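**Student:** Pasted the sequence and its predicted model underneath.
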Amino acid sequence: MGEDPLKRHTFVVEAAGEPDVLMRVLGPFAVQEATITDLRLDRRDDTLRLFIEAGGVGDDRAALIARRLEGLAAVRGVAFGWRSADLPYP
C-alpha cells in the first residue's frame, strides 16, 4: 500500500541555536526520503523552533523521523502530527 499523497506530517522541533543545527535536524528527513514542503524557523535567544512539513512518508516513517530527531544532542523537544494537504495551512 502506497503513501497517501495528500497527507503531510508537521514536525515542531525545539533545538539549541548552534550554527549547524538546521542541517543536523534535516538529516533524518533526507534519510527517510521525505519531501520537505514547508519550513519555518523562529529564533529566540539561543533557541530555535523549527516548523517542518513533510510529505512522502507514512505514519511509521514519520514516527521514526521523530525518534531520530529526539536522539540528536542539540534537540530539546519534538512534536509531530499530520494534516491533509488539501486543507489550508495557517
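**Tutor:** Cool, the structure landed. In this text, all values refer to a predicted model and were calculated from it rather than measured experimentally.

**Student:** Pull up the pairing partners for the lowest-mean-pLDDT helix or strand in the chain, direction included.
**Tutor:** Counting by mean pLDDT, DSSP states H and E, the chain has its least confident helix or strand at strand 75-84, which shows a mean of 91. Strand 75-84 has its sheet partners listed here by DSSP bridges as strand 7-16 (antiparallel).

**Student:** Pull the contacting residues for the residue lying closest to Gly77 once chain neighbours are set aside.
**Tutor:** Take Gly77 and drop its neighbours on the chain: the residue closest to it by Cβ to Cβ, 6 or more residues apart in numbering is Glu14, 4.5 Å away. In short, each C-beta sits where N, CA and C put it, glycine included. Glu14 sits next to Thr47, Leu48, Arg49, Leu50, Val75, Arg76, Gly77, Val78 when contact means Cβ atoms under 8 Å, 6 or more residues apart in numbering.

**Student:** measure Glu14 to Leu50 for me?
**Tutor:** Glu14 sits at a distance of 8 Å from Leu50 (criterion: Cβ to Cβ, to the nearest Å).

**Student:** do Asp60 as well
**Tutor:** Using Cβ to Cβ, Asp60 is found at 22 Å from Leu50.
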